[in-house]
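*Asks:* give the three-dimensional model of this entry:
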Amino acid sequence: MAKLVHTMIRVVDEARSVGFYQKAFGLSVVDRLDFETFTLVYLAGDEVGFELELTINKGRAEPYELGNGYGHLAVVVDDVDAEHARFTAEGFTAGKLVDFRNGEVLVARFFFATDPDGYKIEVIQKGGRFR
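*Replies:* Next up is the predicted model:
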């Protein structure tokens with residue numbers, strides 16, 4: 001059986017990205033590997049054994065093109081309304097709150113945030129299949 005351990009995104013500015021993920025989601029740097037042409041930074045939170053790997057290619061200043069194949073990361077929070085208000089107060093890019101339904105059944109309540117490199121993060125209310 002396979003275990004998911006991390007997902008990787010490429011970012012331009014290490015400090016800006018680490019700061020965003022720390023402030024927005026409480027992730028901390030758990031490892032940093034520096035190579036000649038790139039750096040890998042691993043971020044994790046207290047509640048999960050899954051990590052976000054930031055890859056910083058040295059010498060790159062221009063933003064990456066995310067293309068049309070990237071989906072999104074997703075995180076679960078205890079109070080999505082409070083998180084939406086906090087994101088707005090912090091000046092983070094936060095979309096509208098959505099009640100996602102299948103007919104009359106509420107599947108999820110969420111909003112999408114955007115990190116400094118344009119990656120989307122779905123912030124979902126804990127409950128149902130999202131624990």
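
*Asks:* so what secondary structure elements neighbour the strand of greatest length in the chain?
*Replies:* Once the chain is assigned using DSSP state E, the strand that runs over the most residues is strand 105-114. For strand 105-114, the contact count by 3 or more CB pairs under 8 Å, 6 or more residues apart in numbering; DSSP states H and E identifies helix 80-90, strand 93-94, strand 98-102, strand 120-125 as packing neighbours. Yep, even glycine has a C-beta here, placed from its N, CA and C like the rest.

*Asks:* export those to JSON lines and tack on mean neighbour count?
*Replies:* Output for the helices and strands packed on strand 105-114, formatted as JSON lines (neighbours: other CB atoms under 10 Å):
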{"stretch": "helix 80-90", "mean neighbour count": "15"}
{"stretch": "strand 93-94", "mean neighbour count": "18"}
{"stretch": "strand 98-102", "mean neighbour count": "11"}
{"stretch": "strand 120-125", "mean neighbour count": "20"}
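
*Asks:* quick one: closest of the ones you listed to V48.
*Replies:* strand 120-125 (13.6 Å; CB to CB).

*Asks:* chain center to that closest one: distance?
*Replies:* Centroid separation for strand 120-125 versus its chain: 8 Å, with CA atoms, centre = their mean, to the nearest Å.

*Asks:* what about this structure, any weak spots by pLDDT?
*Replies:* For the chain, applying pLDDT under 70 flags the ranges 2.

*Asks:* before we move on, back to that, pipe the helices and strands packed on strand 105-114 into JSON lines and attach distance to A15 per row.
*Replies:* Written out in JSON lines, the entries for those read as follows (distance: least, CB to CB, whole Å):
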{"stretch": "helix 80-90", "distance to A15": "17"}
{"stretch": "strand 93-94", "distance to A15": "18"}
{"stretch": "strand 98-102", "distance to A15": "31"}
{"stretch": "strand 120-125", "distance to A15": "19"}
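
*Asks:* tell me how far the closest residue to E122 other than its chain neighbours lies from A113.
*Replies:* Excluding the flanking residues, the one nearest E122 by CB to CB, 6 or more residues apart in numbering is A74, at 4.2 Å. Computed with CB to CB, to the nearest Å, the distance linking A74 and A113 is 11 Å.
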